[in-house]
Structure formats: C-alpha cells, structure tokens
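# following is a predicted model, sequence given first.
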Amino acid sequence: MLSFTYTITDEMGIHARPAGLLVKKVKELDSKVTIRRGEASAEGTRLMAIMAMGIKCKDEVSIEVEGGDEEASLAAMKAFFEENL
Amino acid sequence: MVEYQGKAAFGGIAIGKIVEMGKKEAVVRRWHIEDPVQEVERFHRAKETAAGQLQELYEKAQREVGAASAAIFEVHQMMLEDLDYIDSVVNIIETQEVNAEYAVSMTGDNFAEIFAAMDDAYMQARSADVKDISARIVRILAGKDTAEKSDEAGILVADDLAPSETVQLDKTKVYAFVTRFGSTNSHTAILARTMNIPALVMTPVPEGTAGKTAIADGFAGKLIVEPDEKTLEFYRARQQEEIEKRRLLAELKGKPTVTKSGRSVKLYANIGGVGDIGAALQNDAEGIGLFRSEFLYLQSDTYPTEEEQQKVYRQVAEMMAGKKVIIRTLDIGADKQIGYFNLDREENPAMGYRAIRICLTREEVFRTQLRALYRASAYGSISVMIPMITSLWEIRKVKEIVAKVQQELAEQGITCGNVELGVMIETPAAVMIADELAQEVDFFSIGTNDLTQYTLAIDRQNEKLNPFFDAHHPAVLRMIEMTVKSAHKAGIWVGICGELGADTELTETFVRMGVDELSVSPALLLPVKEKIIGCE
C-alpha cells in the first residue's frame, strides 16, 4: 500500500462536482483507493460517502492506494488532487 | 394584504397571480413482490432511463443557463451511479422483497437525511439533489414521464423545487420563485440567478393562496399577498425602474460611448469610496471621473497617514486596471466639519476656508496626500484634481509643491506613474480665467453644483429660494461653454463631474458644446450612455 497526505486548497472543499470527478478518476485505476481524514474514511469509488465526509478547505486528508499498479495510481491521484482540490 | 417574510435569493420585483406547484412527494406505496431478481432488473432499467433524462437536462441547462449551472445535472448522473445508493436499493428489494419504488424512495430519504444533518450549508442543500434523483426514478417506475408541470403564468409558490424542475419550467411563465423551504445555496436559487428571475426561499406562505394577486420582492425577500392599491402602485413603479435598468444593461453594456456621428465621449463614474467601484464597473464605467478623497479624512479620528492613503488610492487604481482614476484632493471646509482639523466656525462656510485654501495654508496635510497619490500612481492610471481654484497663483503654487514632492520621491528611489494634473472649474472666477488656467494644467473638470450656486448666488439648501433657482440657467450653461472653449483652445480636455453631467436633458447640449467627458454616479451611467449614443 502506498499513500500520501494532501491539504485541500479548494475553497469549497470536496463538494459535489470534484467528488464526482474523483470517483470517475478512481474507477479508471486498477488499485483500490481510500480517502481518509482522521477516523473517517471512504472508498474512492463511493461518491455519496465521500461527500458525506464533508471535507472542507484546509482539511488534511490522506489518500491510500492498494493493489494493481500502485505507483501509477498514486501518481494519478496526486495529480488529480493538485489540479482539482 | 398579508406579508410573508422569507429570505431573498435573487433580487427583482414580480407582480402576478400565485401559481401553486402541487406537492410532488406523492406517497410511495410499499408492496410485496414475488421475484426480487426481476424487480432489481426493473430498478436498473428505470435507472438507465433516468440517466438518459438527466443527460438531456444537462444539455438543456448548458444551452439555457450555462455550463456552471448545468454541472449539477452531471453530479446527479454521478449520484445515480453511486455504489452505496445502488447497493442500498438492491438490498432493500432483495431482503424485504418489496417493490423498487419503495426501495428507491426509502434509500433517497436515508441519504437525504445524512446530508441534511451535516453542519455545512452547501452539503445540506445536496439533500434536495438526492431526493430529486430518487423522485425521478420513482416517477419512471410508476410510468410517469415527467414531473408535474404548470402551464399557468405567475408567481410560482412551492415547498421546494428540485433543480430538474426549475430548469424544465417555461421561463417566460415564471415571474418569480417562492419556496417555503430551500436555501439561498440551493441550486434552484443559483439557477434563478442565472435565469434572472426573482427568487425567495424560506418563505412561510400558507397553502391555498393560488390564484390570488401577489408581489414578490426579491430584494427584501418578501411575498405580499393581496396587496392594497397603494402598495401595488409603489411596486409597479419599482418594477418599471428595474425593467428599465435591465433593458439598459442588456442593450448598452460593452457598447462604446460614441455619438451617431462618431464622436466618442468618455463616460466616467463619481465615487465616494472603494465600495462604489463594483457598481461603477458593473455599469460599464470607462474610468473614475471623480473620486472624493474626503471619506479618508471623515472616517478617521486623526489625519490619515501617507501609508493609509496610499493603500486606498493604490487599491482603486488596481481595481480599475489601467482605466483612468481622477482623484480630487481634500475638499472639506466649515460645511463638512472634521474635528481634528480644528476649523473655526464661519458665517458663510461656502465662501470660506475650505478645500485648496486649507491645503495651501497647511502644506504638510497637502504634501502627505500628494505623496500618497504619486506613490499610488505607479499601480495604475491616476490623475490628480484640485478643487476650488479661483486664481492662477494657486495652481502655480500647487504645481510647485507637486514638483517638490516628485523630486523627494525620486530621491528616495520611489517610482511614480504618469500623473495628469487638473483643476475643478467650480467658481465663476475660474471660468473667467480658464484660458490662463488651461496653460497650467492637463485637464478641467467642471463642478456644476458649486458653479451653479456661486453663479446664481443661490444656496441649494434653502428651500425658500426654489422659485429663483433654475438648474438650466443660461448663465451656468454659458459658463460651461466658455470653459470648454478655453480648454480646447489650449489643447486640453474638459469634463463635467457635477450633477448637471447626469442631467439627460442637457446631454445633447454638452455633446454639442464639445465636452470630452461626463462623470456621473454609477446608477446613472447607462441612462446617460443611452442618451450619448442617441446624439447626432
């Protein structure tokens, strides 16, 4: 398993649209992706669960990738967060 | 007449009959099914149909209200594909052996509740989205194609409107949206804004008002049911003003201010503080023709420092992004008292110790302001305008001080922009010697309020003098004409920044005189622009 932490810079936090884009992206990968903030976590393919985490601007989240080509998935997630969130 | 106070979601005035949108949340019946596999299959088919409808809605919204607002339907499509949502529906069908309608409705309610309980207004508003997609699937399952629609025109009153319902409505028939629930964050409110329709949310209007005449005030967030004649009259007038404003905005925004014969007149805004810039830009100001710097002094308990002033001037220059900003130096006097200036009471303050007369006798106050202005000039296009000039020596003295300030700044290695220096022509004396003044400065701006009062010897505050006052007095108009001629003869430009500049009855006269610039309050920019464009 590989992971990285990221601090959200989007003023709206992970709101509906980026959450949707995130899910779309995760589905393209061959690794299992988990979004974690403190105790709470959600699978990267589960839109409403991610939205329900209510991740806001300046929140620190960690993103874990497991299985498949982990390095490629990690890079793809990093790029996605930096560009969209 | 009954008033219901809600929350304003989008400004505007609507008057018309109330059209009630029926309660859409029909009770979903629950029944036992024999074949869960087939029922799950039925759910998946309905979900596919729903996805197709949402795609159509997405495209419709994109055409009609723009990509940003249409994005919600993309989100709806994604929610529809959410694994937890689908799992929940399938699970209810399989374990309880119940119909898909019920499973979808239950699931929708559960998810909506999760969002509604979040401590974030944006996420709370998403609960309406979950309900919206669930209601759509239920409708499809029940064999109904579309949501209930009303063909009547009027003020639409409903508990809440789903985004999909909002976008499907015939815009020409909806005068205003009024919802009992909802929030200013809801997509309905956002769509109302892009559709330019007044909207109220959280308005506690009871049921059974359908067909009654009402006024929706999208500014105050009020719904007035069965208004009396006086109220109606008041709102009709306001509505007319609004319509006029919007028409002007739609027709004129972005158009160059050029007369039919191709002469362009600069149309600038008068502002009294940084807060007015938004309104100026919204109404297409090509620059700031008069920035009254007094507020800096009035809102302070002591002389504002160079730093404080510089920051404000710089902000205005930057916000106007290279467009001209004409800043008038301190114009206070016994009529606009400021405690820390310790000005004596005067018998006749209008003709007293004020404006440039203070600046030239208290040079340090003036120098501080000039230093701030010239420093800020590096960040945009700042011009400096001197008020209440009556003699040639005054402007020569001002120029001496300016030259010293510039030299000081240069020695300190501070860069300045190219600053035009102008005088306000607001005394008959200045008009009479305008030819000489024009040799000294880069521009004139005619302050018609004071010029009128000094020319006619009439105090505008004194109501008893109203019969003697004539805003269009030929003496004043000739003063203006003289000033324009003197300016042009010397090759400098001339504008008007007083109230007369916004008097549309005179616009044509000024254009004919050759006035190069008019500076008016932001709200009057477009009416004046329309007038200029109509001039020969």
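Sure thing, it's come through. Residues are numbered from 1 along each chain as shown, chains lettered A, B, ... in the order given.

# what residues does stretch B:308-319 touch?
The contact list for stretch B:308-319 (C-beta atoms under 8 Å, 6 or more residues apart in numbering or on different chains) reads B:271, B:274, B:277, B:281, B:288, B:291, B:293, B:296, B:300, B:325, B:327, B:368-369, B:371-373, B:375-377, B:379-382. No exception for glycine: its C-beta is placed from N, CA and C like everyone else's.

# now chain A against chain B: closest residue?
Proximity of chain A to chain B (C-beta to the nearest C-beta) peaks at A:G20, 3.8 Å away.

# tell me which helix or strand that residue sits in.
Secondary structure assigned from DSSP states H and E places A:G20 in helix A:16-28.

# just B:S69 next, same as before
For B:S69, the host element (DSSP H and E) is helix B:67-80.

# for chain B, which helix is longest?
helix B:36-65 (DSSP state H).

# how much space between the most centrally placed residue in chain A and A:K25?
Centroid-nearest residue in chain A, with C-alpha atoms, centre = their mean: A:I35, separated by 4.9 Å. A:I35 sits 12 Å away from A:K25, taking C-beta to C-beta, to the nearest Å as the criterion.

# quick one on the thing from earlier: tell me the contacts of the nearest residue to the residue of chain A closest to chain B once chain neighbours are set aside?
What sits nearest to A:G20 in space, not counting adjacent residues and going by C-beta to C-beta, 6 or more residues apart in numbering or on different chains, is B:M78, at 3.8 Å. The contact partners of B:M78, taken as C-beta under 8 Å, 6+ apart, are A:19-20, A:23-24, A:47.

# give me the pLDDT value at B:M78.
Here, the pLDDT recorded for B:M78 equals 87.

# could you list the domains of chain B?
Per automatic domain parsing, the structural domains of chain B span B:25-141, B:263-534.

# where among the ones you listed is average confidence lowest?
Of all these, the minimum mean pLDDT falls on domain B:25-141 (a mean of 87).

# so which of the contacts of B:M78 comes closest to B:F341?
The closest of these to B:F341 turns out to be A:A19 (C-beta to C-beta; 58.1 Å).

# I'd say that closest one and A:A49 touch.
No - applying C-beta atoms under 8 Å as the test, A:A19 and A:A49 come out as separate, 9.4 Å apart.

# okay, those two: which has more neighbours?
Higher neighbour count among A:A19 and A:A49: A:A19, with 28 against 22, using other C-beta atoms under 10 Å in any protein chain shown.

# phi and psi next, for the closest residue to chain A within the stretch 251-400 of chain B.
Nearest to chain A in the stretch 251-400 of chain B, going by C-beta to the nearest C-beta, is B:G278, at a distance of 19.9 Å. Dihedral angles phi and psi of B:G278 (degrees, to the nearest 10) take the values phi -60, psi -50.

# returning to that earlier point: the domains of chain B into TSV, with extra columns for distance to B:P198?
Compiled in TSV, these are given as follows (distance: least, C-beta to C-beta, whole Å):
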stretch	distance to B:P198
domain B:25-141	16
domain B:263-534	18
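
# give the buried residues for the helix holding B:S69.
For helix B:67-80, burial by neighbour count (16 or more other C-beta atoms under 10 Å in any protein chain shown) applies to B:69-80.

# for whichever helix or strand comes after that helix, the distance to its chain's centre please.
Sequence-wise, the next helix or strand downstream of helix B:67-80 (DSSP H and E) is helix B:83-96. Distance, stretch centre to chain centre, for helix B:83-96: 49 Å (C-alpha atoms, centre = their mean, to the nearest Å).

# do helix B:83-96 and chain A come into contact?
Yes - applying C-beta under 8 Å from any C-beta of the partner chain, one finds that helix B:83-96 is in contact with chain A at B:83-85.

# now the buried members of the residues you listed.
For these, buried by 16+ other C-beta under 10 Å: B:84-85.

# which one of the residues of helix B:83-96 next to chain A is nearest to A:I55?
Ranked by distance to A:I55 (C-beta to C-beta), those are led by B:D84 at 16.7 Å.

# report the separation between B:A8 and chain A.
Separation of B:A8 from chain A (C-beta to the nearest C-beta, to the nearest Å) stands at 22 Å.

# and the residue of the stretch 251-400 of chain B closest to chain A, what does it touch?
For B:G278, the contact set (C-beta under 8 Å, 6+ apart) is empty.

# do the same with B:T390
Residues near B:T390 by C-beta under 8 Å, 6+ apart: B:427, B:429-430.

# elements contacting the helix holding A:G20?
helix A:47-52, helix A:70-84, helix B:67-80 (3 or more C-beta pairs under 8 Å, 6 or more residues apart in numbering or on different chains; DSSP states H and E).

# distance to B:Q461 for those helices - can I get that in CSV?
CSV is the format used below for the helices and strands packed on helix A:16-28 (distance: least, C-beta to C-beta, whole Å):
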stretch, distance to B:Q461
helix A:47-52, 61
helix A:70-84, 60
helix B:67-80, 50
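
# what's the burial count for the closest residue in space to B:Y340 that isn't next to it in sequence?
Distances taken as C-beta to C-beta, 6+ apart put B:T302 closest to B:Y340, at 5.4 Å, once the chain neighbours are dropped. For B:T302, the tally of surrounding residues (other C-beta under 10 Å) stands at 9.

# quick one, phi psi at B:G273?
The phi/psi pair for B:G273 (degrees, to the nearest 10) reads phi 180, psi 170.

# let me see the contact set for it.
B:292, B:295.

# one step back: now, of the contacts of B:T390, which are buried?
Looks like the contacts of B:T390 have B:427, B:430 buried, using 16+ other C-beta under 10 Å.

# in chain B, what residue lies closest to chain A?
Going by C-beta to the nearest C-beta, chain A is nearest to B:M78 of chain B, at 3.8 Å.

# roughly how far apart are that residue and B:D217?
Distance, B:M78 to B:D217, by C-beta to C-beta: 37 Å.

# show me what contacts B:R263?
Contacts for B:R263 (C-beta under 8 Å, 6+ apart) come out as B:V511.

# hmm, 6 Å instead?
Under the criterion of C-beta atoms under 6 Å, 6 or more residues apart in numbering or on different chains, B:R263 has no contact partners.

# and for A:E39?
No contacts exist for A:E39 under C-beta under 6 Å, 6+ apart.

# for the one 5 residues further on, same thing?
Counting by C-beta under 6 Å, 6+ apart, A:G44 touches A:26, A:33, A:35.

# thought the first one was touching A:T45?
Yes - taking contact to mean C-beta atoms under 6 Å, the distance of 5.4 Å between A:V26 and A:T45 places them in contact.

# follow-up on the earlier one: which of the contacts of B:M78 are buried? Put it as a ChimeraX command.
Remark: buried members of those, expressed as a ChimeraX selection using 16+ other C-beta under 10 Å:
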select /A:19,20,23,47
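
# of the contacts of B:M78, closest to A:S62?
Nearest to A:S62 among those: A:A19, at 16.7 Å, using C-beta to C-beta.

# do you know how far the closest one is from A:R37?
In terms of C-beta to C-beta, A:A19 sits 13 Å off from A:R37.

# check B:A502 too.
B:A502 sits 56 Å away from A:R37, going by C-beta to C-beta.

# comparing the two, which residue is more hemmed in?
More crowded of B:A502 and A:R37, by other C-beta under 10 Å: B:A502, with 22 against 18.

# ok, that one - contacts?
B:520, B:524, B:528.

# would you reformat these as CSV and include neighbour count and secondary structure?
Output for the contacts of B:A502, formatted as CSV (neighbours: other C-beta atoms under 10 Å in any protein chain shown; DSSP: H, G, I helix; E, B strand; the rest coil):
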residue, neighbour count, secondary structure
B:V520, 29, strand
B:L524, 19, helix
B:V528, 23, helix
